[in-house]
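J.: The following block contains a protein sequence and its predicted model.
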Amino acid sequence: MYCAIDGGAYTCWIEAATNHSAQYQGSYGHTYAFYSIARDAVGNIELPPAVADTTTQVTLLAPAGVSATDGLYADSIGVSWNTVPSATMYAVYRSISAQFAGEALLGTTTASEYQDATVVPGTTYYYRVGARVSAYESVRSVSDSGFALMTAAWTGEWKYKDAKTTDVLIGKKLPYDLKGYFLDKWQIGMASIVDGKITNFYGPHMMEGKGKKLSKWQYKAKKDASIVFISKDKPDKNKLVYKLWHQMPETIVIYLVPPGVNITTRNQMTIDNLRFILVPVDPAQSNGWQELTPTIINEEQ
């Protein structure tokens, strides 16, 4: 049995073998060609073939299931993938182009996940992953895109009241008018941020416009939630009242989502400051979520 490595000259691997199979120990990243020459009991020897009987390459599979988070974190993007058998390390690559122009190595890890903390919020990044054994690396995976929250200042006067049976959050002098979103059938809800991650969702709820000018928008469900937004011509007259018949979370997120966006994580929540999240009409777009953060909420017991 003869073997050639990476197109080189053939050398004898096994001589005078009587078995019909053997195990060859190759190395990752190399191509091996094999042919055999038979000899019968009276000494007749087969001529070498013009081409190899078989050719094989020792490779690692590219990581599958690559997934990057979309607006899940305020200042980073989480990338995860499925493990690859025999791989001892993974290389994570990043680009701002869907065609991978300017793609560069972001870092390496022995885990099947990577947290990219060097992102610009609101920018879409494209990630691919390669599996490694020593110096050898597999072809890169199929890509997935992700983005972090985009932030901007949002002022206003906020007050929180903790009553016996209800919690109430009131925002006044809001320069941001939500009427246009409600006209487009966006929904409103509440969530919290834990370790930079948005979680514990309530809602979302569809708001109903009242009056000829549709200056009042509300959602009311007895012993669940009551949400009222007053839209005025002057921004400093806008007002939002959000009432819950249970404890509000410690870190409040008032979020808006467009029609068709599903919120599925609903956990029991347990007030410090408020954050306002806007989800883009098309979650696949590159502008990301917007996070509008006011200062402090005054608490009333």
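T.: Structure's in. What do you need? Residues are numbered from 1 along each chain as shown.
J.: Ends of stretch 108-118, what's the gap?
T.: Between the opening and closing residues of stretch 108-118 we find a distance of 14 Å, counting by C-alpha to C-alpha, to the nearest Å.
J.: likewise stretch 183-201?
T.: By C-alpha to C-alpha, the extent of stretch 183-201 from end to end equals 23 Å.
J.: So Ile45 sits against Arg39, correct?
T.: Yes. Between Ile45 and Arg39 there is a contact under C-beta atoms under 8 Å: 5.0 Å. Backbone N, C-alpha and C define where each C-beta goes, glycine included.
J.: any idea of the mean pLDDT for stretch 217-233?
T.: In this model, stretch 217-233 carries a mean pLDDT of 90.
J.: Pull out the buried positions in that stretch.
T.: Across stretch 217-233, burial judged by 16 or more other C-beta atoms under 10 Å covers 217-219, 225-231.
J.: If you count neighbours, what's buried in stretch 200-211?
T.: Judged by neighbour count (16+ other C-beta under 10 Å), stretch 200-211 contains these buried residues: 200-205, 207, 209.
J.: Equivalent analysis for stretch 71-90, please.
T.: Residues 71-74, 76-81, 84, 87, 90 are the ones in stretch 71-90 that count as buried (16+ other C-beta under 10 Å).
J.: could you give the mean pLDDT of it?
T.: If you average the pLDDT values across stretch 71-90, you get 90.
J.: cool, stretch 17-30 as well?
T.: Across stretch 17-30, the average pLDDT comes to 88.
J.: And the contacts of that stretch?
T.: Contacts to stretch 17-30, defined as C-beta atoms under 8 Å, 6 or more residues apart in numbering, come from residues 1, 3, 5-6, 13-14, 32, 34, 56-60, 133-134, 136.
J.: what do you get if the cut-off is 10 Å, keeping everything else the same?
T.: Contact partners of stretch 17-30, identified using C-beta atoms under 10 Å, 6 or more residues apart in numbering, comprise 1, 3, 5-6, 13-14, 32, 34, 36, 56-60, 86-87, 131-138.
J.: ok, of the residues you listed, which come out buried?
T.: So, by 16+ other C-beta under 10 Å, the buried ones in these are 3, 32, 34, 58, 60, 87, 131-133, 136-138.
J.: that older thread, is it possible to export the buried residues of stretch 71-90 to a markdown table including distance to Gly65 and secondary structure?
T.: Putting the buried residues of stretch 71-90 into a markdown table (distance: C-beta to C-beta, whole Å; DSSP: H, G, I helix; E, B strand; the rest coil) gives the following:
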| residue | distance to Gly65 | secondary structure |
| --- | --- | --- |
| Gly71 | 20 | coil |
| Leu72 | 17 | coil |
| Tyr73 | 19 | strand |
| Ala74 | 25 | coil |
| Ser76 | 20 | coil |
| Ile77 | 16 | strand |
| Gly78 | 13 | strand |
| Val79 | 11 | strand |
| Ser80 | 8 | strand |
| Trp81 | 5 | coil |
| Val84 | 11 | coil |
| Ala87 | 14 | coil |
| Tyr90 | 12 | strand |
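J.: center of the protein - which residue?
T.: The residue lying closest to the centre of the chain (C-alpha atoms, centre = their mean) is Thr69, at 1.3 Å.
J.: Need the nearest residue in space to that residue, chain neighbours excluded.
T.: Counting by C-beta to C-beta, 6 or more residues apart in numbering, Thr69 lies nearest to Gly78, which is 4.4 Å off, once chain neighbours are set aside.
J.: Relative to Thr124, how far out is the one you found?
T.: Taking C-beta to C-beta, to the nearest Å as the measure, Gly78 falls 15 Å from Thr124.
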